[in-house]
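Novice: what follows is a predicted protein model with its sequence.
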Amino acid sequence: MLRLLDARSRFAVEIQPARRGLLRVCAHAPETSQAADLSGLRVLLVADLLTRTSELRKLQVLTVLAFVGQPPGQLTDFEQAAGALGMHSPQARVSHDDAQAALDGSIDVHLVSGNGEADGALQGLAVPVGVARVEPPGHESLRSHPLAARLVLLSVPYYQPADLADGQLTEAAGTVRRWRRQVAEWAELPSRPMAADTAAAIRSAFDELDTVHALALLRDLSLDASTPAGAKFETFLYADRVLGLGLPSEIGQPGA
């Protein structure tokens, strides 16, 4: 069962959708719009992870992006950046007051950026999403390899603050490139099923959106000489359904 941190109790709790088979999510847009602030982008990232994880469980997710007051007439910077990071688009952009009507039912999960102090008036599970910043603003790695930012954010628990420094983005870009090359190489060899213990550990991590543990499992697996390449291939492809790093993108490409 999916479990997320409750901003009110500070304990992980099971998500209990009001309607069976359907999860209604309200992602609350932060009010700030500073160039270095990626908090809004991170809220959408957590919504995307929740959608991807729910899909593995055959659970449909409806998400709205809610603004204080009326939503802007044009997409915000963080909404535009979300597309480059491979995120699912919300079904609607609405004001806070219109979120429940837009979802046509009770909101199951609120994703709230900041220190985790949830508005007591929110009905449903309020999940804290840590603020995120990038220094320097507009860092070249963020523009030339946006999935590096996704990987760095995935490397920090979603409820903790995240500072994306120059070296972190550069290193993450290298990791994404290396994993893509490895997946392309493994694809040329006979496929093997995922090891049962590894598959169970990754599924368990995703049930709590624990991408930090999932990434650690992949790093260890990539270096494990005792695991067949075909099993590594299947494991990386499965994990990427949630991580969204485009790891199969070089399969069949010349020079991969």
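Specialist: Received it, and whenever you're ready, just let me know what you need. Numbering: from 1, shown residues only.
Novice: in the stretch 151-256 of the chain, which spans are strands?
Specialist: Taking DSSP state E, counting those that start in this stretch as the test, the strands found in the stretch 151-256 of the chain are 162-164.
Novice: so where's it shaky on pLDDT?
Specialist: 255-256 (pLDDT under 70).
Novice: run the last query once more with 50
Specialist: When residues are selected by pLDDT under 50, none of them lie in the stretch 151-256 of the chain.
Novice: is it true that Leu44 touches Gln80?
Specialist: No. Leu44 is not in contact with Gln80 according to C-beta atoms under 8 Å; the separation is 10.8 Å. Bear in mind the C-beta positions are built from the backbone N, C-alpha and C, glycine included.
Novice: compare the two (neighbour count), which wins?
Specialist: More neighbours surround Leu44 than the other of Leu44 and Gln80, with 25 against 11 (other C-beta atoms under 10 Å).
Novice: please identify the helix or strand for the more buried one.
Specialist: Using DSSP states H and E, Leu44 sits within helix 39-56.
Novice: centre of the chain versus the next helix-or-strand element following that helix, how much separation?
Specialist: Note on helix 39-56: by DSSP H and E, the next helix or strand toward the C-terminus is strand 60-67. In terms of C-alpha atoms, centre = their mean, to the nearest Å, the centre of strand 60-67 is set 14 Å apart from its chain centre.
Novice: could you export strand 60-67 as CSV, CA atoms only?
Specialist: What follows is strand 60-67, C-alpha atoms only, in CSV (Å, rounded to 0.1, in the frame of the first residue of the first chain):
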residue,chain,number,x,y,z
GLN,A,60,-5.7,5.9,-11.7
VAL,A,61,-4.5,9.4,-10.6
LEU,A,62,-6.2,12.7,-11.2
THR,A,63,-4.0,15.8,-10.3
VAL,A,64,-4.8,19.5,-10.3
LEU,A,65,-2.3,22.3,-9.8
ALA,A,66,-3.8,24.8,-7.4
PHE,A,67,-2.8,28.4,-7.1
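Novice: pull up the pairing partners for it, direction included.
Specialist: strand 22-28 (parallel), strand 92-95 (parallel) (DSSP bridges).
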